[in-house]
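Enquirer: the sequence and its predicted three-dimensional model are supplied below.
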Amino acid sequence: MRPHLLHTLITLCLCGLVGAALAQGVDVQRVLIGVTSPFSGPRSEGGGDALNGARLAIDRLNQQNLQIGDKPVRFELLVKDDHGMPARGMQVAREFAQAGVSGVIGPMTSAVALAVARIYNQNRVPMLTVATHPAVTRPDYEYVFRLLASDAELGRKMVQYAASSLKVRRVAVIQDGSGYAEGLVSELQAASQKEGVQLAVQLQLSEAAHDPELRGVLQQVRNAKSDAVFFAGYPPLSARILQEMHQMRLALPLMAGDAQCSIEMLRLIGDFLDNGVYCVQSGVWLTRVADGAVFAAAFQTRYSQPPDVYAGNFYDGVMLLAQAMKTAGSTRPEQFLPALARSRYKGVTATYEFNARHDLKDSAATILRLKDGALVPMASF
């Protein structure tokens, strides 16, 4: 679908008794849920995948002929492209508030989430995000929730795996300067110190870095006698780093955050997997749990491709909002918010139960290796 059509797309799903109710003139309550992520630009693959997860959830809800507060309901999606840009994300947040959405799934990137959390909280619109920067959630942001582990958990578990399974003792850290990278690097530093892993060198590259700059940074990695590279950033740059490492015969494993656990990354890196590429993703790997496997199969059937990084989380986010509404008997955020905060919901990617910051109480993670054109689970803890 063309990106500009996604800017104001509304997806309507009508079925079963809800359709019959409309035909009979029965008052059907319209429940509008916002979805926002980058649907155009360099992060659009992940955004489109996440949106498809939310669409599956809407279809399932409307097939259940739900009633909330003794009224039949019809769930709809209002979809807006934030381009992965904070300024645009702030505009989207205000538009969602004006539209009267009952909640928002997204944003996807930490830079946008950090910029918009205050707006959603002030307007009393629940925001359920997959952004991992620890500062996105705060005790005073009662309307902001995180659907997966934060960088504090992901960074710690990535370092633990590197130290225990790969026997890494000296690591080079390369980041792209994004908000996502900032949070991950901070947690890598703390976790490395705790696990006895020495940070041999810390470097930064922009996504627009030229090849000579890439080679210069990687030469510093080599000179530092690192055992591995920890990368904090997004796939286009990490793929270029791997290609340059291959050409320089720099035989080191590369480890990265959840942004690399993607079909896009597999496509970009091609054959440059010489010494192992690993990523850490929140939750248990979908195909290792029954509900996750069912979701993955349904996603494959509907879209002719497997779910990518955030499809399961966006699916769960929609279902989580609906459960809170059913529990409270209301679609008004201020009325169902307490039920959302007290939720214990078994989704396809995690069991959702929130602490005082509205982070997950139990944030499991899976280490994956990119190998033979697939993401291969190595360990979950």
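Expert: Perfect, thanks for sending it.

Enquirer: just checking, what packs against the helix or strand harbouring Gly216?
Expert: Assigned by DSSP states H and E, Gly216 falls within helix 211-223. Helix 211-223 sits against strand 170-175, strand 198-204, helix 235-248, with contacts defined as 3 or more Cβ pairs under 8 Å, 6 or more residues apart in numbering; DSSP states H and E. All C-beta spots, glycine's among them, are computed from the backbone N, C-alpha and C.

Enquirer: dump those to TSV, plus mean neighbour count, distance to Leu154 and mean pLDDT.
Expert: Listed next are those as TSV, based on neighbours: other Cβ atoms under 10 Å; distance: least, Cβ to Cβ, whole Å; pLDDT from 0 to 100:
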stretch	mean neighbour count	distance to Leu154	mean pLDDT
strand 170-175	23	14	96
strand 198-204	16	17	96
helix 235-248	20	15	90
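
Enquirer: can I get the helix ranked longest in the chain in CSV, CA atoms only?
Expert: Ranked by residue count under DSSP state H, the longest helix found in the chain is helix 44-63. Taking Å, rounded to 0.1, in the frame of the first residue of the first chain, the C-alpha atoms of helix 44-63 are listed here in CSV:
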residue,chain,number,x,y,z
SER,A,44,8.8,1.6,7.3
GLU,A,45,9.3,-2.2,7.1
GLY,A,46,9.0,-2.6,10.9
GLY,A,47,6.1,-0.1,11.0
GLY,A,48,4.1,-2.0,8.3
ASP,A,49,4.7,-5.3,10.1
ALA,A,50,3.5,-3.9,13.4
LEU,A,51,0.4,-2.4,11.8
ASN,A,52,-0.5,-5.8,10.3
GLY,A,53,-0.3,-7.3,13.8
ALA,A,54,-2.8,-4.7,15.1
ARG,A,55,-5.1,-5.4,12.1
LEU,A,56,-5.2,-9.1,13.0
ALA,A,57,-6.3,-8.1,16.6
ILE,A,58,-9.0,-5.9,15.3
ASP,A,59,-10.4,-8.7,13.1
ARG,A,60,-10.4,-11.1,16.0
LEU,A,61,-12.1,-8.7,18.3
ASN,A,62,-14.9,-7.9,15.9
GLN,A,63,-15.4,-11.6,15.3
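
Enquirer: show me what contacts the nearest residue to Pro42 once chain neighbours are set aside?
Expert: Leaving aside its chain neighbours, Pro42 sits nearest to Pro236 (6.0 Å; criterion: Cβ to Cβ, 6 or more residues apart in numbering). Pro236 is in contact with Pro42, Glu207, Leu268, counting by Cβ atoms under 8 Å, 6 or more residues apart in numbering.

Enquirer: which of these fall in helices?
Expert: Filtering the contacts of Pro236 for helices - DSSP H - leaves Leu268.

Enquirer: ok, and for the longest helix of the chain, which residues are buried?
Expert: 44-58, 60-62 (16 or more other Cβ atoms under 10 Å).

Enquirer: helices or strands up against that helix?
Expert: helix 16-23, strand 29-37, strand 71-81, helix 263-269, helix 290-303, helix 311-328.

Enquirer: tell me the most buried of these?
Expert: helix 311-328 (a mean of 25; mean count of other Cβ atoms under 10 Å).

Enquirer: any idea how far apart the tips of stretch 367-381 sit?
Expert: 9 Å (Cα to Cα, to the nearest Å).

Enquirer: which stretches of the chain aren't confidently modelled?
Expert: The model of the chain has pLDDT under 70 over residues 1-26, 271-275, 287.

Enquirer: from Asp291, how far out is the residue nearest to Pro42?
Expert: 32 Å (Cβ to Cβ, to the nearest Å).

Enquirer: what sits up against stretch 48-58?
Expert: Against stretch 48-58 from outside (Cβ under 8 Å, 6+ apart): 6, 11, 13, 33, 35, 37, 39, 75-77, 79, 105-106, 108, 130, 263, 295, 298-299, 302-303, 307-319, 322.

Enquirer: can you give me the offset of that stretch from its chain's centre?
Expert: 13 Å (Cα atoms, centre = their mean, to the nearest Å).

Enquirer: re the thing from before, could you redo the helices and strands packed on helix 44-63 as JSON lines and give each row distance to Leu188?
Expert: As requested, the helices and strands packed on helix 44-63 are arranged in JSON lines below (distance: least, Cβ to Cβ, whole Å):
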{"stretch": "helix 16-23", "distance to Leu188": "48"}
{"stretch": "strand 29-37", "distance to Leu188": "25"}
{"stretch": "strand 71-81", "distance to Leu188": "31"}
{"stretch": "helix 263-269", "distance to Leu188": "19"}
{"stretch": "helix 290-303", "distance to Leu188": "28"}
{"stretch": "helix 311-328", "distance to Leu188": "22"}
